[in-house]
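# build me a model:
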Amino acid sequence: MAKKHLPSFQFYPADWLKDPKLKRCSFQNKGIWIDILCYLHESDTRGKITATPSEWCRLIGCSEEEFNEFLSENSLKKIADISQCNGFVTIKNRRMIRDERARQSTRDRVKKHRCNASVTALKQKCNAYSSSSSSDISSDINNIYIVHKRIFEHWNSKRIIKHKSFEKFKSVINSRLKDYSEEEITQAIDNYHTVLTGDEYFWSYKWGLDDFLKPDNLDRFLTENKPLENFRKEVKNESAKRTGPRITELEFDKYARIYES
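You can find the predicted model right below:
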């Protein structure tokens, strides 16, 4: 079934303009990439399209030579998630896929709620709930609490900014666990700590746990987004050589503060 049409998707001009890998790409390939993002948004399988090279050329409106140049440059710069198999090229955008999954989950919850709206269904739900053993309910709540606590203690173990009160962070941790696994979050914390403390990295801005867990901040330090490559000093220096004056630490700190709001 076709996806419900969405007229727009989130686009962050600051990310686009300051992405070190993207800044090293040619204008032609930047144009191809933004067109592909638009088609990924419009796709029935939102965030993912699989097609032959010739089909991609017809879709984008470029020649095979231009498309092959885009694939070649991407293999070096890694601006897009591209795989090739049996003559087909699959291009994905993980953020679109994750957002679509969240939208589908919301639709399912709303649909379930509406189906249970009748008095009979509500009574059945109440009866089913009341028949559940209190020990099972208590066990579920305790398991959730343990996961939240483990994430909080893992953050404090890194001594980036250590927090005393766990209670104030439960809601934000719970919100992120709807979209990310415990392992993804703790690995992102590890990556953030590595970048902050390593001399080979240029990022130096410290967040508290609540700011770190904002979706865009967490997303940039997920292992799948390669933060240990993106924030290396030689990447920033190479970007400056190719595109203009070197970006100072102060400017990168200012850039980081955008995501606190």
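
# please count neighbours and contacts with C-alpha atoms only from this point.
Noted.

# can you give me the helices in the stretch 51-200 of the chain?
For the stretch 51-200 of the chain, the helices defined by DSSP state H, counting those that start in this stretch cover 53-60, 64-77, 94-115, 119-131, 134-157, 170-176, 182-197.

# dump those helices into CSV; add distance to residue 19, mean pLDDT and mean neighbour count as well.
Putting those into CSV (distance: least, C-alpha to C-alpha, whole Å; pLDDT from 0 to 100; neighbours: other C-alpha atoms under 10 Å) gives the following:
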stretch, distance to residue 19, mean pLDDT, mean neighbour count
helix 53-60, 23, 93, 15
helix 64-77, 11, 90, 15
helix 94-115, 16, 77, 13
helix 119-131, 50, 57, 11
helix 134-157, 27, 77, 14
helix 170-176, 24, 88, 15
helix 182-197, 17, 93, 18
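
# among these, single out whichever gets nearest to residue 28.
If you check each of the helices of the stretch 51-200 of the chain against residue 28 by C-alpha to C-alpha, helix 64-77 wins as the nearest, at 8.2 Å.

# the inter-axis angle of that closest one versus helix 53-60?
Going by axes from the mean of the first three to the mean of the last three C-alpha atoms, to 10 degrees, helix 64-77 is angled at 100 degrees with respect to helix 53-60.

# distance between helix 64-77 and the chain's centre?
Centroid separation between helix 64-77 and its chain, computed with C-alpha atoms, centre = their mean, to the nearest Å, is 24 Å.

# what's it packed up against?
If you count contacts as 3 or more C-alpha pairs under 8 Å, 6 or more residues apart in numbering; DSSP states H and E, helix 64-77 packs onto helix 27-42, helix 53-60.

# so for residue 71, which of these sits nearest?
Taking C-alpha to C-alpha as the criterion, residue 71 comes closest to helix 27-42 out of the helices and strands packed on helix 64-77, the separation being 9.1 Å.

# how about the closest one as CSV, C-alpha atoms only?
Listed in CSV are the C-alpha atoms of helix 27-42, where the atom choice follows Å, rounded to 0.1, in the frame of the first residue of the first chain:
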residue,chain,number,x,y,z
PHE,A,27,28.5,20.7,-7.0
GLN,A,28,27.2,18.1,-9.5
ASN,A,29,27.2,15.3,-7.0
LYS,A,30,25.6,17.6,-4.3
GLY,A,31,22.8,18.3,-6.8
ILE,A,32,22.3,14.6,-7.5
TRP,A,33,22.3,13.8,-3.7
ILE,A,34,19.6,16.4,-2.9
ASP,A,35,17.4,15.1,-5.7
ILE,A,36,17.8,11.6,-4.5
LEU,A,37,16.8,12.7,-1.0
CYS,A,38,13.6,14.2,-2.4
TYR,A,39,12.8,10.9,-4.3
LEU,A,40,13.6,8.9,-1.2
HIS,A,41,11.0,11.0,0.7
GLU,A,42,8.4,10.5,-2.1
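
# let me know the angle separating that helix from helix 53-60.
Taking the same axes, to 10 degrees, one finds helix 27-42 and helix 53-60 inclined to each other by 90 degrees.

# show me which residues of helix 27-42 are buried.
29-30, 32-33, 36-37, 39-42 (16 or more other C-alpha atoms under 10 Å).
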